[in-house]
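*Asks:* Can you look at this prediction? I've put the sequence above it.
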There are 2 protein chains.
Amino acid sequence: MQLTKKLTRKEQIKKVAQNMFRERGYSATSMRDLANAVGIEAASLYNHIKSKEDILRQICFGIADDFFHAIEQVEQSNLPAEEKLKQAISQHVKVITNNLDASAVFLHEWRFLSEPYLSDFKKLRDSYEQSFKKIIIQGKEEGIFKAVDEKFYCLTLFSALNWIYDWYKPTGLLSPQQIAEQLSNLLLEGIKK
Amino acid sequence: MQLTKKLTRKEQIKKVAQNMFRERGYSATSMRDLANAVGIEAASLYNHIKSKEDILRQICFGIADDFFHAIEQVEQSNLPAEEKLKQAISQHVKVITNNLDASAVFLHEWRFLSEPYLSDFKKLRDSYEQSFKKIIIQGKEEGIFKAVDEKFYCLTLFSALNWIYDWYKPTGLLSPQQIAEQLSNLLLEGIKK
DNA sequence: CCTACCGATCGGTAGG
DNA sequence: CCTACCGATCGGTAGG
């Protein structure tokens, strides 16, 4: 276990930016705010990053990668749909709780990406959502899920999953695994036959 | 039925601002953007509104009022908890679907309010959430709800309810009433004994 | 990593 | 509702 870790300046900038973009929003965070929080002059930031949007891109696509690796594992597992869905939920919760600031930025600040990154991002997100829909369809084929509309169901599921960053506290009562279990209980009851 | 309505300039500014604050965010919307969309000069806006934040305040507290009137009706109804919860969900969905832009601003841009409005806003929001928790507690006392943690349950419920503005289309397949019913089905199954 | 600086744009005011 | 304008701040660059 690595409790403290020496961050490179670039990593430090990214970490501070994640927090500030989350707290104040991308647009309302100035490069001078960011530089001040890091402890250097605004101009010096540009020795480590290309532009303000470059930081945003790294945050958004970094988390997108995390979500993708998580769902890939589940998809390749050949498990029954109910177990797949439980694991997908658990993995999703884990990505968020491991990256609270970055997840919040991923969820709300992506719209400040410019093209072509914006379109790329939307494609990735759609593809991820598609993976969840496939699990619901599989469950209906297996005969264990009700004939729900998978689009509506997944929208509701993602809503519940994606608000976690807003209230989860690492010091709170529930562990990420417990949160995933409770959410599974709550949201699987309404879909199981 | 009033299909078209003559808006005063002030109402027009508010309407355009709701849309722009939602689409680009409060911080990234300039008074010049807003004035341009309205069709006047930036300086002329100040004959109708006091400041940029003044517009944000009107939007946020206006929707807060709507939510409060909705939940008050439910609270005074003396219905069993299950019926109360269904109605509260239905009313909540109705407020959002009737005010898509303003709801999005209410949910995401309130953090740009300055004190003392920020604290006032948070109090209103907490009080509203409290009303939902009371319904869950009532249901547990009635013996019809499981021994769930009402805080966790309401967090999940609000997550599902508050994401609706993001995907609801007035021209879509589901009416607000149908959305409320489907959400009630999905989210009440996990809590009912 | 800094000083010095760029043109552009910000929210808002004065005065008519 | 406009023209004209304010000081402050923006993201970013040049040059060392």
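*Replies:* That came through, no problem. Numbers count the residues shown, from 1 in each chain, chains lettered A, B, ... in the order given.
*Asks:* and chain A, which residues reach DNA strand C?
*Replies:* With Cβ under 7 Å from any atom of the strand as the criterion, chain A meets DNA strand C at residues A:R9, A:I40, A:E41, A:A42, A:A43, A:S44, A:N47, A:H48. Placement of C-beta: from N, CA and C, glycine included.
*Asks:* and those residues as JSON lines, adding secondary structure?
*Replies:* Below are the residues of chain A next to DNA strand C laid out as JSON lines (DSSP: H, G, I helix; E, B strand; the rest coil):
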{"residue": "A:R9", "secondary structure": "helix"}
{"residue": "A:I40", "secondary structure": "coil"}
{"residue": "A:E41", "secondary structure": "coil"}
{"residue": "A:A42", "secondary structure": "helix"}
{"residue": "A:A43", "secondary structure": "helix"}
{"residue": "A:S44", "secondary structure": "helix"}
{"residue": "A:N47", "secondary structure": "helix"}
{"residue": "A:H48", "secondary structure": "coil"}
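*Asks:* For the spatially most central residue of chain A, give its distance to DNA strand C.
*Replies:* Geometric centre of chain A, nearest residue: A:S103, 4.3 Å, by Cα atoms, centre = their mean. A:S103 is 27 Å from DNA strand C, where distance means Cβ to the nearest atom of the strand, to the nearest Å.
*Asks:* quick one: that residue and A:V93 touch, right?
*Replies:* No. With contacts counted by Cβ atoms under 8 Å, A:S103 stays clear of A:V93, the gap being 10.4 Å.
*Asks:* Shouldn't A:L174 be within a strand?
*Replies:* No. With three-state DSSP as the criterion, A:L174 is assigned coil and is not in a strand.
*Asks:* What's the ChimeraX syntax to select whichever of the residues of chain A next to DNA strand C are buried?
*Replies:* For the buried members of the residues of chain A next to DNA strand C, the matching ChimeraX selection, counting by 16 or more other Cβ atoms under 10 Å in any protein chain shown, is:
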select /A:40,48
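*Asks:* pLDDT weak spots in chain A?
*Replies:* A:1-5 (pLDDT under 70).
*Asks:* ranges for the helices of chain A?
*Replies:* A:9-24, A:31-38, A:52-75, A:81-98, A:100-108, A:117-141, A:150-162, A:164-167, A:176-189 (DSSP state H).
*Asks:* Remind me what the third one packs against, helices and strands.
*Replies:* Using 3 or more Cβ pairs under 8 Å, 6 or more residues apart in numbering or on different chains; DSSP states H and E as the contact test, the elements touching helix A:52-75 are helix A:9-24, helix A:81-98, helix A:100-108, helix A:117-141.
*Asks:* Name the stretch among those helices that sits most buried.
*Replies:* Greatest average neighbour count among these goes to helix A:100-108 (a mean of 22), per mean count of other Cβ atoms under 10 Å in any protein chain shown.
*Asks:* Report the inter-axis angle for that helix versus helix A:81-98.
*Replies:* In terms of direction (axes from the mean of the first three to the mean of the last three Cα atoms, to 10 degrees), helix A:100-108 departs from helix A:81-98 by 110 degrees.
*Asks:* Output the contacting helices and strands for helix A:100-108.
*Replies:* helix A:9-24, helix A:52-75, helix A:164-167.
*Asks:* Quick one: closest of these to B:G25.
*Replies:* Counting by Cβ to Cβ, B:G25 lies closest to helix A:9-24 out of the helices and strands packed on helix A:100-108; the figure is 10.8 Å.
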